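Trainee: Have a look at this prediction, sequence included:
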There are 2 protein chains.
Amino acid sequence: MDLFLSKFSNNIDKKGRVTLPSLFRNALPKNDRNEIILFKSLKFSAIEGCSSQRINNIAKKINELDIFSDDQEDFATSIFSEVIPTKLDKEGRFLIPDNLKNHANILNEATFIGQGHYFQIWNPKGALERQQKSRERLVKEKRTLGSILSKQENKND
Amino acid sequence: MDLFLSKFSNNIDKKGRVTLPSLFRNALPKNDRNEIILFKSLKFSAIEGCSSQRINNIAKKINELDIFSDDQEDFATSIFSEVIPTKLDKEGRFLIPDNLKNHANILNEATFIGQGHYFQIWNPKGALERQQKSRERLVKEKRTLGSILSKQENKND
DNA sequence: CTTATACCCATTGACGCCCATAATATCCCA
DNA sequence: TGGGATATTATGGGCGTCAATGGGTATAAG
């Protein structure tokens, strides 16, 4: 299972197209690399994106929640109604819908940041600030990337 | 997996390539020796590096957190967006991204320092100073390798 | 008819892939 | 044990491919 990793900034051209970074395209499921799912982040002025496979998986999980619970309704409403399937052209570019662009204050440059199984799209400044904040939190908790990454967690090597 | 041990200095050529020291290449998992992960050290003006397998393990752990929790979001951003997957060519060379080079003040020579399960990349002068400081600190605190090792002698890994 | 978007092809610079070489280390066998 | 054959390392460089980007035209939609 490939992950969305690292950070990339790409320009939005006159026609409104942005290219999804090559590494992100490769992180999409091999049989379905012509489409991504976009939706507003619930927490940030950012767009979130993922493969349609992931949405299907989330749907399954929501289904497993008690069918009469408030959670179920809220999730269902806030997620499924707001989700926007988006096609990529042959070069891996797509159009960011206007309402999402506005939500994320994106003008002519979009910054993609990897979040593992999904990714986010920010305006460049917002992306930097978000990275700094989350990094500060890590430092404050005295956890470093190095120590986290260097722990022996796996047995298959 | 084997450990990243010892210290090596290699040149950066006109094209910006450095070879990962042979011993470090051999310390990578046998099935995945064409890629490493690079990221800024949070504590030093240095780059840290590890195998991509580590990232996958981290991903598993983070994925186990509640999917919409603050922790999940913060970890995802601070790790997945900061991490840079980097391919090695057939000769074991790779390109150090410019922002990482700047972070570590690396120009045309890179010093690799083994840190066990991960490694660091410094500029040669910085590497020397770092070695001296950590050595001095060990001596000052009267912690000798011997005492540390004897504490662990009944842990078998 | 006007506007938007899907599909196609072109360009440019960076990077991956390949082959070459020199220096060093390892091996093998007489 | 010596010495030549072989392997491996760090390094240099040519060249094709691909990524990001630009733009033209057909097609659809309103």
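Mentor: Structure's in. What do you need? Numbers count the residues shown, from 1 in each chain, chains lettered A, B, ... in the order given.

Trainee: the strands in chain A, which residues?
Mentor: Assigned strands in chain A, in chain order: A:7-11, A:17-19, A:35-40, A:47-50, A:84-87, A:93-95, A:109-114, A:119-122 (criterion: DSSP state E).

Trainee: Export those as CSV, with columns for mean neighbour count and distance to residue A:136.
Mentor: C-beta: built from backbone N, CA, C; applies to glycine. Output for the strands of chain A, formatted as CSV (neighbours: other CB atoms under 10 Å in any protein chain shown; distance: least, CB to CB, whole Å):
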stretch, mean neighbour count, distance to residue A:136
strand A:7-11, 16, 17
strand A:17-19, 19, 29
strand A:35-40, 19, 25
strand A:47-50, 22, 22
strand A:84-87, 13, 32
strand A:93-95, 18, 32
strand A:109-114, 23, 16
strand A:119-122, 26, 17
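
Trainee: So which of those is nearest residue B:85?
Mentor: Smallest distance to residue B:85 across the strands of chain A (CB to CB): 9.5 Å, for strand A:109-114.

Trainee: Could you check the angle the closest one makes with strand A:7-11?
Mentor: Angle between the axes of strand A:109-114 and strand A:7-11 is 160 degrees (criterion: axes from the mean of the first three to the mean of the last three CA atoms, to 10 degrees).

Trainee: Briefly note if strand A:109-114 comes near DNA strand D.
Mentor: No: with CB under 7 Å from any atom of the strand as the criterion, DNA strand D is not reached by strand A:109-114; the gap is at least 8.0 Å.

Trainee: Alpha carbons only: can I get that strand in PDB?
Mentor: Extracted C-alpha coordinates of strand A:109-114, given in PDB (Å, rounded to 0.1, in the frame of the first residue of the first chain):
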ATOM      1  CA  GLU A 109      -0.500  28.000  -6.600                       C
ATOM      2  CA  ALA A 110      -1.500  24.900  -4.800                       C
ATOM      3  CA  THR A 111       0.600  23.100  -2.200                       C
ATOM      4  CA  PHE A 112       0.000  19.400  -1.800                       C
ATOM      5  CA  ILE A 113       1.000  17.800   1.500                       C
ATOM      6  CA  GLY A 114       1.100  14.100   2.100                       C
END
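
Trainee: Does anything pack onto it? Which helices or strands?
Mentor: Strand A:109-114 sits against strand A:7-11, strand A:119-122, helix A:124-140, with contacts defined as 3 or more CB pairs under 8 Å, 6 or more residues apart in numbering or on different chains; DSSP states H and E.

Trainee: so which of the ones you listed comes closest to DNA strand C?
Mentor: strand A:7-11 (11.8 Å; CB to the nearest atom of the strand).

Trainee: Who are the contact partners of the most centrally placed residue in chain A?
Mentor: Centre of chain A computed as the mean C-alpha position; nearest residue by CA atoms, centre = their mean is residue A:119, 2.1 Å away. Counting by CB atoms under 8 Å, 6 or more residues apart in numbering or on different chains, residue A:119 touches A:4, A:24, A:48-50, A:112-113.

Trainee: Sounds good, over and out.
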